[in-house]
Structures are given as C-alpha cells and as structure tokens.
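S.K.: Sharing a model that was predicted from the sequence below.
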There are 2 protein chains.
Amino acid sequence: MTDRNDVDRRLGEQVRIVGSGLLGASIGLGLSAKGVDVIVDDASPSTRSLAIAYGAGRAPAADDAPGLVVVAVPPDVTADVVAAELARYPDALVTDVASVKLAPLEQLTARGADLSRYLGTHPMAGRERGGAVSARADLFVGRPWIVAGHDAIGYRRAAAIEDMILDLGAVPIEMDVAAHDAAVALVSHAPQLVASLMAARLRDGSPSALGLAGQGLRDTTRIASSDPGLWVQILGANASGIAEVLRPLRDQLDQVIAALDAPDEPASRRIIAETLAAGNDGVARIPGKHGQDKRFTSLVVKIDDRPGELARLLTEIGEEGVNMEDLRLEHSPETRVGFAEISVLPEAAHPLASALEQRGWTLMEAER
Amino acid sequence: MTDRNDVDRRLGEQVRIVGSGLLGASIGLGLSAKGVDVIVDDASPSTRSLAIAYGAGRAPAADDAPGLVVVAVPPDVTADVVAAELARYPDALVTDVASVKLAPLEQLTARGADLSRYLGTHPMAGRERGGAVSARADLFVGRPWIVAGHDAIGYRRAAAIEDMILDLGAVPIEMDVAAHDAAVALVSHAPQLVASLMAARLRDGSPSALGLAGQGLRDTTRIASSDPGLWVQILGANASGIAEVLRPLRDQLDQVIAALDAPDEPASRRIIAETLAAGNDGVARIPGKHGQDKRFTSLVVKIDDRPGELARLLTEIGEEGVNMEDLRLEHSPETRVGFAEISVLPEAAHPLASALEQRGWTLMEAER
C-alpha cells in the first residue's frame, strides 16, 4: 500500500474526497497508494484526522485545486454536499458514491446546479451490509462500479471518473441514472425488504421450530441482518422504484394466500404451481458462477468437522487436476458432520466422484 | 454399504417399504446394509425392480410379516397407502415420511384407521430441493428426523421407529403433529414461497440489471429453483399453516409499500426502520453455525481464481492451528478474483489475519 506506482496510474489530477467513512477513506487509501495527491475532508474534524492519520490523504489547504471531487457522504445529504462542492470548485468534476442515483440528480437539477460537471457513481463494494470497521485500499478490487450517466455531461468531461475507478482496480459499468435505480431496486433493495419481512416472521417461532431451520431458511434471510440505520436512508431514497417491484409481488402474494385458503379449489394448485414456476424462471436469469448455474454439476462430499479436513479435500481435488467452480459448506446443527457441495464442469464430475471415492471420501446425494 | 453390521443394529423386525423413490430406496439401502430384512414394494413394478436391483431390499413374498411398514410415497397419497398397509398387516407398526404430518393424520382419523399403530415421521434430508437421481444408504446420516407424536399411540409401541432412525444414522427429534406442521410452515414452506415470489420479479429485469446481482440476491432466491411439482403437493398439504405465516407478512408488506409510496411522511421511515429491525431480531433467532452467528468473527481473503488457491489457503489456516468454523465463497461476476469469507473464533481472528498477511494473502474488509 505504501509502494507508490505512478507508472500504471491513469488519474493525473488532484482528488478531493468529502466524507471519510469506509468508502471515502478506502478511495483515499487506494489513490494515495497510486501516488495521487488526495485531499481528505469531512464534516467531523476527528473523523477527518483519523482518515489522514491512516494514510487516506492530506488535510485541505488554501491553494487546493482539485480536478476531481468525490462526495462520499450518507445518501440523505449527498445532493447538498455535491452542490456545495460544485460551487466551491468551479473547474472541478464532481462525483458521488451514494447507492441511489436519481434522487441526488433530481435535487441538483431542482436547485440549478451545474450538471455539466456532475456525474454520480455507485461502487458495488458491499457497503450496504454495514459493520465495516476500517477502510482498505483494495476495497474495490474486482468490484463493479456503476457510472450513472445523464444527458447534461459530456463524455470527455467525465473521463477522470473512469480513470479513478480503474486506478482503484474496479470495473466501470455505464448505466443510465433511472436504469441504475430500477436495477438496484430489483436486485438489492426489494430483496433486502423481502428478506427482512420473512425474517421478521421468525420472531413468532418456537425454539424447537427454529431448530429445524435448514440452509434454505438461512440463505433466504441472511441479509436480514443488515444495518437498519443505513438501509432506511437507501430505501427512502429509492422508494418509488422499490414500490414498483414490491407491488406486483404483493399482488401475487395475495393470490397465493387466497389459494392457500382454498387449497381444494381447482384454481388454487395452478396459482401455486405458477408462482413456483415463475420463481424458477426468475432465478435462472441471475448470471454468474453462483446460484442455480446450470453450466456446472454439483458433488456433495461428507466432511468430518475437524481441522484440516476441508483443506485436504480441496488439495486432493487439485491433485486430480479438477478446477472447482464453486464451493458451499453445509452443517447439520445436531451433529459434527458437514457437507461440502462442489461445483465442477459436467465432464469432470463423474471422474472426480470416482477418484474421491477411491481416496476414501463419502459422496452424498446432491440436493439439486 | 455391503458390509453387514448386525452388532450395532437396533432394529430387530422385518421392515416393509412402500414407495421406492429417493427416500424409500435410501431407507432400504441403509437398513439392508445393517442386515435388516427389507421388503421393497412400489405401485410401479419397474421402479420396484430398479430399487431391488440397486440393493434396497427384496421383493414381497406371500409369508411376509413386517414389524414395521415405512410408507414413502408422495404427500397426496400418503394417507391412502398408510390406511391400506394398516389393514393389510394388522400387527405392524406403520409410519410415513411425508413432509407434512397433520393432513395424513386427519385423513386417517376420518376413515377410522387404527391410529394406535401409526406414527408419522419427517426426515429433514433435503428431498424438497428435488432433482435427486439416485438413493444413498447414507442420505440421512447426521440429519434431523422428526417423529410427529399424537395421543393415540403409546410410547413403547413406537420404539421401532426410533430404532430405524438411529440405525440410519439420523437424529430423532420428537414434535407434536401440529407443532411440526407449524414449524415447517415457518422455517421451510413459507420461505420457499417468499423466495419464489421474489425470484418471480426477476423475470421483469433487464440483463444489465441482473448483471448487478450480488450475493444477497443469490442467497435470497436460491431455493426458488426448487421443483414446482413436488412443492405444490407439500404446500397444498400444509396450506393453512403456511397462510398463517404469510398473512402477517403480507400485512407488513402492505405497510412497507404504503410507506414507500409516501417516503416523506414522518411515519414512513419509522415503518421501514421497524421492518428492518424486526428482520434483525428474527434472523438472530436461527441457531447453528451458519447465518448471522455472532459467536464467530469473519475474515475475507482474496483468492485468485485458479486451481489450488483455496486449498492452499485452507492448508495454511490449518498450519496456523486455527479451526475454521465456516467458509463462504464469493465471486465478482466481472473478474477472475474471488473472496473467501472465513469464520473463526473471535480470539483466533487477529492472529490468523496477521499470519495470513505475512504468508502473502490479501485480507479484505469483512462485509459484516
């Protein structure tokens, strides 16, 4: 992190970061490590001092002339701070990193801010899960970072933002402001509320009922542990987009409840079957390695719950020359036995299964 | 599987299994491996022949005198088959393995079946996820297996059922019939529908929106890939219990949508914050290693996506003498970089992080 590497740096200008929480300080650390002149500011002097002491950049000075200002403050105050920075540095390009993009742009438009120098972004770096204790120069490495385009800014004027994203090791993805907010409403904000609504029902369960919880429930409700304080801001700032996802969901839920109330009606089974089939179709649209990726075949291997067993399994899979595409662990709450679900290319599955059984591993029925 | 081991066997009686799908054949394989005299029957002669050829047991004979009959047929026909077996073998204890328990008992009561010889059970062996290709003698090893008690059968009369469960390596858990159905409605059936309802919304998303999907969405919707055919039967058989979970969820969803429709109303933020906080409370009640287990601390390690890297990491964690309590992998769809989230005891986290960094691993910000 202290090795300055100017050679592969793209950004040339001074960068001013306003807000030195996890995202702001991480951007400062990452750019400082690249040799960028980073100025760190924060409404809280003590927070600013901490970020500077940690290496995120230097304190502001009277002759600062930032070419790029990065606003990394909570969603509620993002537009205010962006407007203030646009006014304070009339030559600077200003961006923000809030996880909603339409509301800040509308607020800036309403107050007549110079939108030819503003372009919002959204790094998909997991901040919404909360609980971060310290910034990292490599927080963004390998993460998508949305650049939320609008018509008032020219392509060339925005170049420094893409440079910053690339300098931080992230992957810039261009997306229209409204499309961004609709996308995160669908893939992030609505699922957060749905997980919270399901998890809220668990308050009513008996301990013995909760003792039957399997991996399905754990997965379905995992993100329900997110920080309410941050999420209230995010959800409030994207309210209409989220409601557009939840309203048809509620309508379908109403149909499902009506079907469950009359399970012997001919239409009821059809409604429930259609709901399940629609879920099949929807989940199949999620790209990537994880999830219901039909490109891979799963093997489930029994693992004794003692140190080193999983490492030994993975080492032996490597010795067989097989590349593991994914791995999931599953524990049974009542026992000391675990199961590793390994995803491999279909042609590798059968030879690997035979080889592992020969090596003494127990393969189980794959559950899907 | 062919090593007969009578010594640690508990079951003494002849066992007749009706229905030779995944569960029935797996029970037959497991008990046959223990040296039990297993009779396999099935409405389909070809299915029965296959299970027998595979080693699940032998064909029925005229002088069969089973002490225990296990009915392993779809939920829709469970009560019919149980009633027929009770009538056919007036000295036998009869059980079933359907994943709902109240409906079969009510149907048997209505037709005046001899309930003093019937006790339903439910092995939590992942069958609902569907897609199983072949039975396994060890399918139930380490899994909870509910014994769904009712008042008409005496404790001693049911002993063979617990013997069978223990002989198969599973963990018997006693639970009242109604409590069982309410429990699985809460921890399994309602979450299935909620995941399906959320996943169904993804049909409307653009490819670029779905390209932003992170681990949260993948987890929340994973079980939405379940087999609709099987689930329609399960959900129909436990309809009122599931509706009791979904109705208050729908009411809270209505409140959330109303709040999102008026995000600037003073009450709206409170409603959303309360929903998120209720989700926090609910998910914290799920026991076990997985999920939001506060007993462990997470470290996130960057893994280059090439064969052997994860095995090397786990081997080195073992070399440091640290027992890994849980492991999750996360991939960024746009890159060849992955992240391993490792859960360890809190006191082990800091020394392990230092040791791994010294060994050249890059540790990232833990996301929760």
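M.R.: Great, that's in hand. Numbering: from 1, shown residues only, chains lettered A, B, ... in the order given.

S.K.: Please count neighbours and contacts with C-alpha atoms only from this point.
M.R.: Fine.

S.K.: quick one: the strands in the stretch 251-368 of chain A?
M.R.: Secondary structure of the stretch 251-368 of chain A (DSSP state E, counting those that start in this stretch): strands at A:297-304, A:326-331, A:337-344, A:363-364.

S.K.: Turn those into JSON lines, columns for distance to A:Val147.
M.R.: Output for the strands of the stretch 251-368 of chain A, formatted as JSON lines (distance: least, CA to CA, whole Å):
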{"stretch": "strand A:297-304", "distance to A:Val147": "35"}
{"stretch": "strand A:326-331", "distance to A:Val147": "29"}
{"stretch": "strand A:337-344", "distance to A:Val147": "33"}
{"stretch": "strand A:363-364", "distance to A:Val147": "45"}
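
S.K.: Which one of those has the poorest average confidence?
M.R.: For these, mean pLDDT drops lowest on strand A:326-331, to a mean of 72.

S.K.: before we move on, the earlier item: pipe the strands of the stretch 251-368 of chain A into TSV and attach distance to chain B and mean neighbour count per row.
M.R.: TSV is the format used below for these (distance: least, CA to the nearest CA, whole Å; neighbours: other CA atoms under 10 Å in any protein chain shown):
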stretch	distance to chain B	mean neighbour count
strand A:297-304	10	21
strand A:326-331	7	20
strand A:337-344	6	20
strand A:363-364	7	21
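
S.K.: How about the contacts made by the residue of the stretch 251-368 of chain A found nearest chain B?
M.R.: At 4.2 Å from chain B, A:Gly279 is the closest residue in the stretch 251-368 of chain A, using CA to the nearest CA. Applying CA atoms under 8 Å, 6 or more residues apart in numbering or on different chains to A:Gly279 gives the contacts B:Ala195, B:Ser196, B:Leu197, B:Met198, B:Ala199, B:Ala200, B:Arg201, B:Ala224, B:Ser225.

S.K.: And A:Ser268, by the same measure?
M.R.: Contacts of A:Ser268 (CA under 8 Å, 6+ apart): A:Val256, A:Ala258, A:Ala259, A:Leu260, A:Ala262.

S.K.: cool, A:Leu253 as well?
M.R.: Counting by CA under 8 Å, 6+ apart, A:Leu253 has contacts B:Leu197, B:Arg250.

S.K.: any chance of the contacts of A:Gly279 in a markdown table, with pLDDT and neighbour count too?
M.R.: Compiled in a markdown table, the contacts of A:Gly279 are given as follows (pLDDT from 0 to 100; neighbours: other CA atoms under 10 Å in any protein chain shown):
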| residue | pLDDT | neighbour count |
| --- | --- | --- |
| B:Ala195 | 98 | 32 |
| B:Ser196 | 98 | 30 |
| B:Leu197 | 98 | 28 |
| B:Met198 | 98 | 31 |
| B:Ala199 | 98 | 35 |
| B:Ala200 | 98 | 25 |
| B:Arg201 | 98 | 23 |
| B:Ala224 | 95 | 34 |
| B:Ser225 | 90 | 25 |
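
S.K.: Can you tell me which of those residues end up in helices?
M.R.: B:Ala195, B:Ser196, B:Leu197, B:Met198, B:Ala199, B:Ala200, B:Arg201 (DSSP state H).

S.K.: Please list which of the contacts of A:Ser268 are also close to chain B.
M.R.: When contact is defined as CA under 8 Å from any CA of the partner chain, the contacts of A:Ser268 meet chain B at A:Leu260.

S.K.: any chance of the contacts of A:Ser268 in CSV, with pLDDT too?
M.R.: Listed next are the contacts of A:Ser268 as CSV, based on pLDDT from 0 to 100:
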residue, pLDDT
A:Val256, 98
A:Ala258, 97
A:Ala259, 97
A:Leu260, 97
A:Ala262, 95
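
S.K.: Show me which of the contacts of A:Ser268 are buried.
M.R.: A:Val256, A:Ala259, A:Leu260, A:Ala262 (16 or more other CA atoms under 10 Å in any protein chain shown).

S.K.: In helices, which of those residues fall?
M.R.: Using DSSP H, these in helices are A:Val256, A:Ala259, A:Leu260.

S.K.: ok, now which ones touch the last one?
M.R.: With CA under 8 Å, 6+ apart as the criterion, the residues that contact A:Leu260 are A:Ser268, B:Leu235, B:Gly236, B:Ala239, B:Ser240, B:Ile242, B:Ala243.

S.K.: Among those, find me the one that's closest to B:Arg312.
M.R.: B:Leu235 (44.2 Å; CA to CA).

S.K.: residues near the nearest residue to that closest one once chain neighbours are set aside, how many?
M.R.: Leaving aside its chain neighbours, B:Leu235 sits nearest to B:His189 (6.6 Å; criterion: CA to CA, 6 or more residues apart in numbering or on different chains). By the measure other CA atoms under 10 Å in any protein chain shown, the count of residues near B:His189 is 26.

S.K.: Could you do A:Thr362 as well?
M.R.: Other residues within reach of A:Thr362, judged by other CA under 10 Å, total 15.

S.K.: Could you do A:Arg58 as well?
M.R.: Burial of A:Arg58 is recorded as 19 neighbouring residues (other CA under 10 Å).

S.K.: So it is in contact with A:Val40, correct?
M.R.: Yes: the criterion here is CA atoms under 8 Å, and A:Arg58 meets it with A:Val40 at 5.8 Å.

S.K.: got any ranges where chain A has weak pLDDT?
M.R.: A:1-7, A:126-134, A:288-295, A:305-307, A:330-337, A:365-368 (pLDDT under 70).

S.K.: Show me chain A divided up by domain.
M.R.: A:15-176, A:182-283, A:297-364 (automatic domain parsing).

S.K.: hey, which of those domains is tucked in deepest?
M.R.: Burial among the domains of chain A, expressed as mean neighbours by mean count of other CA atoms under 10 Å in any protein chain shown, is greatest for domain A:182-283, which shows a mean of 22.

S.K.: That domain spans what distance, first to last residue?
M.R.: For domain A:182-283, the first and last residues are 18 Å from each other (CA to CA, to the nearest Å).

S.K.: what ranges do the helices span in the stretch 151-300 of chain A?
M.R.: Remark: helices assigned in the stretch 151-300 of chain A by DSSP state H, counting those that start in this stretch are A:159-167, A:177-184, A:190-201, A:207-210, A:215-221, A:228-237, A:239-261, A:266-283.

S.K.: so who does the closest residue to A:Ile242 other than its chain neighbours touch?
M.R.: Nearest non-adjacent residue to A:Ile242, counting by CA to CA, 6+ apart: A:Ala185, 4.9 Å away. Counting by CA under 8 Å, 6+ apart, A:Ala185 makes contact with A:Asn238, A:Gly241, A:Ile242, A:Val245.

S.K.: Equivalent analysis for A:Pro248, please.
M.R.: Residues near A:Pro248 by CA under 8 Å, 6+ apart: B:Arg201.

S.K.: closest to B:Glu13 out of the domains of chain A?
M.R.: domain A:297-364 (27.3 Å).

S.K.: what about the closest one, distance to the chain center?
M.R.: Taking CA atoms, centre = their mean, to the nearest Å, one finds the center of domain A:297-364 at 28 Å from the center of the full chain.

S.K.: Then stretch A:258-265?
M.R.: 38 Å.

S.K.: Let's see the distance spanning it from one end to the other.
M.R.: First-to-last residue span, stretch A:258-265, CA to CA: 10 Å.
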